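1. Can you look at this prediction? I've put the sequence above it.
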Amino acid sequence: MEQAGSRAPKAFVATGQGLDKEMQARIARHRATRSADWVTAEVPRALAVWFQSEGSGYRTIVVDCLTLWLSNVCGRRIAGTDVSALVEELVYAIRRIPARVVLVSNELGFGLVPTSRSARAFRDVAGRVNQQIAAAADEVYFVISGQSLKIK
């Protein structure tokens with residue numbers, strides 16, 4: 001929800017972490033593409049906390065991306081993981097602020113079935129997170145090759 005006439009800034013909430021040189025270069029390229037009117041917040045894990053403490057100061061917030069957030073939260077211990085309570089906490093925090101919030105996530109189920117048990121488990125958990133977010137969202141878009149399709 002966007003406040004009428006609001007001039008509050010726009011926030012880009014990045015969940016990626018520059019753990020190696022390649023990822024650091026990706027983050028730097030991504031930052032360079034954003035205009036100066038975007039405030040960047042690096043929030044690899046505590047998204048709900050960030051929304052509770054910082055979110056109300058913005059008119060538009062883009063979170064990129066939920067898949068990296070999930071990876072950061074779960075690490076390598078994904079098998080049997082239930083993050084639905086964390087997702088509910090995030091949804092609740094988002095609903096409490098007046099900003100328009102866009103959540104970006106990856107659809108991992110379109111690729112080949114991963115060969116490792118942990119990768120399959122991560123794909124399954126990511127799919128459940130995407131379903132939970134989509135069910136709570138006002139609108140859902142599928143974007144592929146730069147083209148968007150509204151699905152909700």
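-> Received it, and whenever you're ready, just let me know what you need.
2. Determine how far the last residue of stretch 134-152 lies from the first.
-> End-to-end distance of stretch 134-152: 8 Å, with Cα to Cα, to the nearest Å as the criterion.
3. What residues sit buried inside it?
-> residue 136 (16 or more other Cβ atoms under 10 Å). Just so you know, the C-beta spots here come from the backbone N, C-alpha and C atoms, and that holds for glycine as well.
4. mean confidence for that stretch?
-> Mean pLDDT, stretch 134-152: 97.
5. what does that stretch rub up against?
-> Residues from elsewhere that reach stretch 134-152 (Cβ atoms under 8 Å, 6 or more residues apart in numbering): 91, 103, 107.
6. What are the contacting residues of the helix-or-strand element of the chain with minimal mean pLDDT?
-> Lowest by mean pLDDT, DSSP states H and E among the helices and strands of the chain is helix 21-33, with a mean of 90. For helix 21-33, the external contacting residues (Cβ under 8 Å, 6+ apart) are 14, 16, 17, 18, 40.
7. Among those, which one has the most neighbours?
-> Most neighbours among these, by other Cβ atoms under 10 Å: residue 14, with 22 neighbours.
8. What values do phi and psi take at it?
-> phi -100, psi 130 (degrees, to the nearest 10).
9. what residue ranges in this structure score low on pLDDT?
-> For the chain, the stretches with pLDDT under 70 are 1-8, 76, 78-80.
10. need the strands for this structure, in chain order.
-> 10-14, 38-42, 60-64, 100-104, 141-144, 147-150 (DSSP state E).
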